[in-house]
Structure formats: structure tokens, C-alpha cells
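> Test case, fold it:
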Amino acid sequence: MSQKRIAIFGSTGSIGTQALDVIRANPDLFSAEILTAQSNDELLIKQALYFNPNVVVIGDEKKYLAVKEALSKTDVKVFAGEAALAEAASMDCYDMMLAAIVGYAGLRPTLNAIELGKPIALANKETLVVAGDIVMRQAAEKRIPIIPVDSEHSAIFQCLVGEGRNKIEKIILTASGGPFLGKKPNFLVNVKKDHALQHPNWSMGAKITIDSATLMNKGLEMIEAKWLFNLDAHQIQVVVHPQSIIHSMVMFNDGSIKAQMGMPDMKLPIQYALAFPQRIANDFPRYDFKKPNNLSFEEPDLKTFRNLALATDALYKGGNMPCILNAANEIAVFAFLRNRIGFLDMTEMVEQTMAKVHFIEQPTLQEYFDTDAEARDFAASLVHM
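Numbers count the residues shown, from 1 in each chain. Prediction:
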């Protein structure tokens, strides 16, 4: 396997930093060619000095001079701003993009990479939630693979390797249940952000950790799975599996179920996506069946965690409804993390936005962009942001 040049969009976040750990451990297999960050200039500089990429981009233009100066004695090219993020994705100096920018901001760079014909290791589920039909159609036209990095979608992808044309009856996405599994609304009404950011099994960024606590993350994953694996809404099921050892399952039309298992460690699906179709050895922790561990499963509580029900509604309705759901949720999580609204208010904001923003059954890419802006404006107006 010759060295693969990786462009990491979102290199200072949880996925990006773990991906760089994988690259650091396998320097003969991978190099970091492009690194981007939104505002964490200090970590971006450290990464650039260690990995010596071709290009770095800092999204926050106010940080440009600091990055430029710190890297002035290197050959690293430094760019800044949102447009530069999208332009970097169009530079033909890498072999694969790791799309790890959080939220809607990851859509344009990913589309540009697809246009360039680059395989995508996709850690940004919002790209497919917002415009999955367009993204997957363009990937099919360019004949490039989109390899999922989310542990759940990586699990399904791994279960499908070698299955060719065998028909899927349904996929089963597992959810840990987050830090508030079993709690009721009278408890959740008083939850503060510090409590919500304590995930029992996974170490993740703030946005995805809050989404896991509200179960919105699992709803977004259902929508992403529809597009990744060309499924109908009724073929996607969620079960709560608190131990996070089974990462997801596929049931085939003969009733046989395949599961992918392992320790809850994001480096494994990241490494799998970067090295696909090969598996490479590592020293990650192994699951030990000799240790007494009960693997349990239960139905999600949709009455308490209504975000999952709203996301399921968006999945079935289709069109621009998932885009509306995602935009409202991003604003709601932003407001909650700044102590502007309560935990349960996030669901109210999403529900009100879904009811208010204009529904389009078959949106164009521009209509997705417009929908996102309209939904954000409406959601923000609910908290006077």
C-alpha cells in the first residue's frame, strides 16, 4: 500500500485529532496534506509544525496573521476564511478527504472534493442530512466511494462488505442512550450543560455530545443511513445498547443478522476508512469476552427524548425537512451551550422551526442553502440571538 495523502477538514476537533494519531502511528501509509480548523489556531499551528502539510486553512480570518507568522519558516501555504475552506477542497494535492468539520459547514468542501473525484471518509453526518440526495448522486456520477467514519455507519459498511447484491431487510443502529438514559422530563428540565457533556462511553466534541444526550444524534444517523446505504425509511431501526460494544447490525432478507463489535474507540473506524479496503494492525484496546459483561438492548423512550421522534418524522417526510431539522438543532445546541435555553427547550425550538419553515419536496442545492438560512433565522428568533 503506497502512502495516501489525507486532507483533514476539521483537524483540531475530536475526529481530526484522533485521525492525526492514526497518521502519526502509520507514517509509511499516510501523510497529512491539508489541515483545516475554524478557530483553534494554536492547535492548528502545532499540528502543522509536526506534520508539515502542504496547506493549512484557518476559518477565522482574524487568526490568519498568527498562523501565517508561526509557519513563516516552513513551506506550508496558509489560507483563511470560509471561501478558502471550500477552495482548499478543490486543490488537487491529496488522495482522500476526511470530512470532519462539525455541522452544515462541512457540506461545501465535501461537494468540492467529490467534484474533484476524491474519495471521502465521512465523519460529518450533517452533509448527508442536509443534502444527501445531491451528495450521493454526485458521488455516484464521479464513481467515488463515500466511506463512513461514524462508528454506527462504519459498522454497517463493514457488515455489508462481501454481501454484494444480497438484499437488506433492515439495519439496526445502536444508541448508548447517552448520560440521561432512563430519566424522565421532570429530571431533564433542570439539566445543565456540564452534566449533558458527560457522555458515559465516548469522548466527543461538544455538539455531538449534546446531540447524543438528546438522542438527536441517532435521528441524524437514521437520515444519514438512508442515503449512505440507499434504504427506505421503514428499513431503519434504533435500539438502545448502553454498553456500546455492538456498533450496529444488518438484518438480511433471510433473517440472518450481522453485527460489528469492538471497544468504543473512534480511532478504529477512522483507521478503517483511511486504509480501506485493507485492515492494518494497531495496539488499540481489545474487547475481552472473558470479562463478565452483559450486553443489553431496549427500545428508545420517544416520549421523553422527542428529538428522535422529530428526526424520524423528517426522515419519512423527506425533501428539505431534514435540512430544517438540522439547522434548527444546530442553533438550539449553540443556545444551550451558552446557557441561553434549557435542555428540553432544544426540542421545542426544533419542533417549532419544522412547523414554520416552507416545505419543498424536491429541493435544488440552492434551495437547500436557502432552507438552511431560513431555518437558522427562525430558530434564532425564538431565543432572540
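> pull the helix or strand with minimum mean pLDDT from the protein.
helix 193-196 (a mean of 86; mean pLDDT, DSSP states H and E).
> Contacts only, for residue 146.
119-120, 122, 135-136, 139, 228 (C-beta atoms under 8 Å, 6 or more residues apart in numbering). Backbone N, C-alpha and C define where each C-beta goes, glycine included.
> With residue 23 as the reference, measure out to it.
Remark: distance between residue 146 and residue 23 (C-beta to C-beta, to the nearest Å) = 20 Å.
> before we move on, what about residue 60?
24 Å.
> quick one, which of these two is more surrounded?
Between residue 60 and residue 23, residue 23 has the larger neighbour count (other C-beta atoms under 10 Å), namely 21 against 16.
> Would you mind confirming that the more buried one makes contact with residue 5?
No. The criterion here is C-beta atoms under 8 Å, and residue 23 misses it with residue 5 at 10.2 Å.
> tell me, what's touching the two both at once?
With C-beta under 8 Å, 6+ apart as the test, residue 23 and residue 5 both reach 30-31.
> Which helix or strand contains residue 260?
Element membership for residue 260, per DSSP states H and E: strand 257-261.
> That strand pairs with which strands, and in what direction?
strand 246-252 (antiparallel) (DSSP bridges).
> So for the closest residue in space to residue 301 that isn't next to it in sequence, what pLDDT did the model give?
What sits nearest to residue 301 in space, not counting adjacent residues and going by C-beta to C-beta, 6 or more residues apart in numbering, is residue 182, at 7.8 Å. Per-residue confidence (pLDDT) for residue 182: 94.
> Then residue 202?
63.
> Next: the one 10 residues further on.
The score at residue 212 is 91. That number is its pLDDT.
> residue contacts, it?
Per C-beta under 8 Å, 6+ apart, neighbours of residue 212: 175-176, 178, 199, 202, 204, 218.
> Return the subset of those lying in helices.
residue 218 (DSSP state H).
> Just give me the least confident of the contacts of residue 212.
Within the contacts of residue 212, pLDDT is lowest for residue 202, at 63.
> Stretch 49-68: how far from the chain's middle?
23 Å (C-alpha atoms, centre = their mean, to the nearest Å).
> Tell me which helix or strand the closest residue to residue 216 other than its chain neighbours sits in.
Nearest residue to residue 216, sequence neighbours excluded (C-beta to C-beta, 6+ apart): residue 307, at 4.0 Å. Assessed by DSSP H and E, residue 307 sits inside helix 306-317.
> by contact count, what packs against the next helix or strand after that helix?
The first helix or strand that comes after helix 306-317 along the chain, using DSSP H and E, is helix 321-337. Contacts defined by 3 or more C-beta pairs under 8 Å, 6 or more residues apart in numbering; DSSP states H and E place helix 321-337 against helix 125-142, helix 193-196, helix 206-214, helix 216-228, helix 306-317, helix 345-356, helix 365-381.
> Compute the inter-axis angle for the fifth one and helix 125-142.
Read it as helix 306-317. Going by axes from the mean of the first three to the mean of the last three C-alpha atoms, to 10 degrees, helix 306-317 is angled at 20 degrees with respect to helix 125-142.
> how far is helix 306-317 from where the chain is centred?
Per C-alpha atoms, centre = their mean, the centroid offset for helix 306-317 relative to its chain is 18 Å.
> So that it lines up with my notes, have the first residue be 412 from now on.
Noted, 412 is the first residue going forward, which turns the last one into helix 717-728.
> Check what contacts that helix and list those residues.
625-627, 629-631, 633-634, 637, 644, 647, 649, 711, 713, 732-733, 735-736, 740, 757-758, 761-762, 765, 770.
> Could you rerun that using 6 Å?
625-627, 629-630, 633-634, 644, 711, 713, 732-733, 736, 758, 761-762 (C-beta atoms under 6 Å, 6 or more residues apart in numbering).
> repeat for the shortest one
For helix 604-607, contacts defined as C-beta under 6 Å, 6+ apart pick out 621, 624, 748.
> Return the set of buried residues in it.
By 16 or more other C-beta atoms under 10 Å, the buried positions in helix 604-607 come out as 604, 607.
> Same check on stretch 556-567?
Under 16+ other C-beta under 10 Å, the buried positions of stretch 556-567 are 557-567.
> follow-up on the earlier one: highest average neighbour count across the helices and strands packed on helix 732-748?
helix 627-639 (a mean of 26; mean count of other C-beta atoms under 10 Å).
> Quick check: residue 416 touching residue 443?
No. Counting by C-beta atoms under 6 Å, residue 416 stays clear of residue 443, with 8.1 Å between them.
> between these two, which one's more packed in?
residue 443 (26 against 16).
> The more buried one pairs with what?
residue 417.
> hang on, it packs against residue 462?
Yes. Residue 443 lies in contact with residue 462 (C-beta under 6 Å); the separation is 4.0 Å.
> Send me stretch 435-453 as CSV with only the CA atoms.
What follows is stretch 435-453, C-alpha atoms only, in CSV (Å, rounded to 0.1, in the frame of the first residue of the first chain):
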residue,chain,number,x,y,z
ARG,A,435,1.4,9.5,13.3
ALA,A,436,1.3,5.8,14.1
ASN,A,437,1.5,4.9,10.4
PRO,A,438,3.8,7.4,8.6
ASP,A,439,4.6,4.9,5.8
LEU,A,440,0.9,4.6,5.0
PHE,A,441,-0.5,8.1,5.4
SER,A,442,0.6,11.8,5.3
ALA,A,443,-1.4,14.9,6.3
GLU,A,444,-1.6,17.0,3.2
ILE,A,445,-4.2,19.6,4.1
LEU,A,446,-5.2,20.6,7.7
THR,A,447,-8.1,23.0,8.4
ALA,A,448,-9.6,24.5,11.6
GLN,A,449,-12.3,27.0,12.3
SER,A,450,-10.8,29.0,15.2
ASN,A,451,-8.3,26.8,17.2
ASP,A,452,-5.2,28.5,15.7
GLU,A,453,-2.8,27.3,18.5
